[in-house]
Each structure stands twice: as structure tokens, then as C-alpha cells.
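K.L.:
got a predicted structure here, sequence first:
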Amino acid sequence: MPIRILSLGLLLCTANFLSAAEPNDKPSPADQGAKWIPLFDGKTLDGWKSTNFGGEGDVTVEKGSLIMEMGSPLTGVTFQDPKKLLKTNYEISLEAMRVQGGDFFCGLTFPVREKEHCSFVVGGWGGALCGISSINGMDASENETTSVKEFKEKQWYKIRVKVTDDKLLCWIDDEKLVDVEIKDRELTTRVEVDLSQPFGLCSFQTKAAIRDLKIRPIEAAGAKQEK
């Protein structure tokens, strides 16, 4: 969903600088006792519906993965069982792969607090940018959650998101990319992905694969331990 063209070389140079300046922050073992609830069975699309963005590609299940074919521009799925969703103090985990394409392969939209939603964008704006869309009207390319990371095609990346009333934390593999206070701040989705609410996945001009998608409740204090 790029609104301007950013230089991939510049993004990756910035990523290298940030990586050198700040060591990786591995997630703590907090909340390990909570039970994971699977949201995708790896066999069918039960509980999911292809999102009617217009121009979307096919959504199928292949070899245990949910496949979103390249769309023009978006392809996605929206979860249809709200009873399994949580609004705060929860954690989402999944694995995602950019199969083919050059933009984001995981746009994860999720609920925050009672009535808000936002998205964790992985590999957007030309292929490397990550962050939360949107905070106080500023999307992932404009707010303090902006980071850049190089992604390879046909490689799985583990994505984890932790949500509380006051904070959002996001990891890719063992690297913490988002750690942001959200108290007294407005969270929204970009208009292009509003149809992904309350919980959905999408990709932008990119064929993507998703597997091992699950959710679990956490203790409210859990996020505070992961600084």
C-alpha cells in the first residue's frame, strides 16, 4: 500500500545502522503457561473468508499453508469466528513467507482494546519496511514504529504480536521491531484494509503463504517484562 516510493537501498542501509546500534531483544518466557488456540487448521479455510478487496487473487490451502495469490493490489482473508478473538492482553503467533513479489507479504490486522484495530505490516513500501498502521493517523512509514528489514523469497519468518491496553510489541524471529506505548493514542487501519477487521491477513501485489497461526491470552503485566 505504498503512498510514495522509497529507495530500497536507503532502507537497507538504515536497517544495518539500526541493527548495529541496538542489539536484538529476544522475547522473555513470560506467559508460556497459557494455552495456544489455533486459528487455522492447515487443511481447510474453515473459519476464514476471502476478503472482497476487488482485484484480489485466489486463496487456497496447500501443504499445510494458507496461500494468498498475488492480487491487484490486495489479496486477503478475514476471520469469521469472533468468539475465538481477544481484544486485549493477548498474543498472536504465525509464520509467513513471501513466495513471489516485492511488497508486503503479511499485513496482520488485529483488535486493540474495545473498539480499535490496527495492522502490523511486514515488508511493505518496496519490500523492506515494517511497522504499525496506523497510530494517530500516521501509517507504518510515518510513525515511530517504522523499521526496515531484508526479506528473502521462499523463506519462512516467525511473527509474534503482543497486545495490551497500553502497549504493542512485535517480533520477527527473535528480533523485536515494535515496542510502542499506545495509551491515549488512536489506533486505526488504513482505509485500504478496513475490510480486514476485526482480524485478518493480506498481501500487496505479492504471493504469500501463512502457517501455524494461533492466539493465546496473556497476563497484563507480561508486556511490561519485555523491555
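P.N.:
Great, that's in hand. Note that this is a predicted model, so its numbers are computed, not measured.
K.L.:
all contacts plus neighbour counts: C-alpha atoms, from now on.
P.N.:
Noted.
K.L.:
low-scoring stretches of the protein, by residue?
P.N.:
Residues of the chain meeting the criterion pLDDT under 70: 1-33, 221-227.
K.L.:
in which helix or strand does the nearest residue in space to residue 120 that is not next to it in sequence reside?
P.N.:
Excluding the flanking residues, the one nearest residue 120 by Cα to Cα, 6 or more residues apart in numbering is residue 132, at 4.7 Å. Element membership of residue 132, judged by DSSP states H and E, is strand 129-133.
K.L.:
who does that strand pair up with?
P.N.:
Paired neighbours of strand 129-133 in the sheet (DSSP bridges): strand 116-124 (antiparallel), strand 147-148 (antiparallel).
K.L.:
got the buried residues for the first one?
P.N.:
Just to be clear, that refers to strand 116-124. The neighbour-count check on strand 116-124 (16 or more other Cα atoms under 10 Å) flags 117, 118, 119, 120, 121, 122, 123, 124 as buried.
K.L.:
run a quick check on the fifth one versus residue 132, I expect a contact.
P.N.:
Yes - under the criterion of Cα atoms under 8 Å, residue 121 makes contact with residue 132 at 6.2 Å.
K.L.:
joint contacts of those two?
P.N.:
residue 140 (Cα atoms under 8 Å, 6 or more residues apart in numbering).
K.L.:
farthest-separated two in the buried residues of strand 116-124?
P.N.:
Spanning the widest gap among the buried residues of strand 116-124 are 117 and 123, at 19.7 Å by Cα to Cα.
K.L.:
OK, contacts around residue 207?
P.N.:
Contacts of residue 207 by Cα under 8 Å, 6+ apart are 67, 68, 69, 70, 71, 98, 99, 100, 101, 105.
K.L.:
quick one: what helix or strand has it in it?
P.N.:
Judged by DSSP H and E, residue 207 forms part of strand 206-217.
K.L.:
pull out the buried residues from that strand.
P.N.:
Using 16+ other Cα under 10 Å as the test for burial, strand 206-217 gives 206, 207, 208, 209, 210, 211, 212, 213, 214, 215, 216, 217.
K.L.:
could you dump that strand to PDB, C-alpha only?
P.N.:
Presented in PDB, the C-alpha positions along strand 206-217 are these (Å, rounded to 0.1, in the frame of the first residue of the first chain):
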ATOM      1  CA  THR A 206       2.700 -10.400  -3.600                       C
ATOM      2  CA  LYS A 207       2.000 -14.100  -3.400                       C
ATOM      3  CA  ALA A 208       2.200 -15.100   0.300                       C
ATOM      4  CA  ALA A 209       2.000 -18.200   2.500                       C
ATOM      5  CA  ILE A 210       0.900 -18.400   6.100                       C
ATOM      6  CA  ARG A 211       1.100 -21.300   8.600                       C
ATOM      7  CA  ASP A 212       0.900 -22.100  12.300                       C
ATOM      8  CA  LEU A 213      -1.400 -19.200  13.100                       C
ATOM      9  CA  LYS A 214      -2.500 -19.100  16.700                       C
ATOM     10  CA  ILE A 215      -3.600 -16.900  19.600                       C
ATOM     11  CA  ARG A 216      -3.400 -17.100  23.400                       C
ATOM     12  CA  PRO A 217      -4.300 -14.900  26.400                       C
END
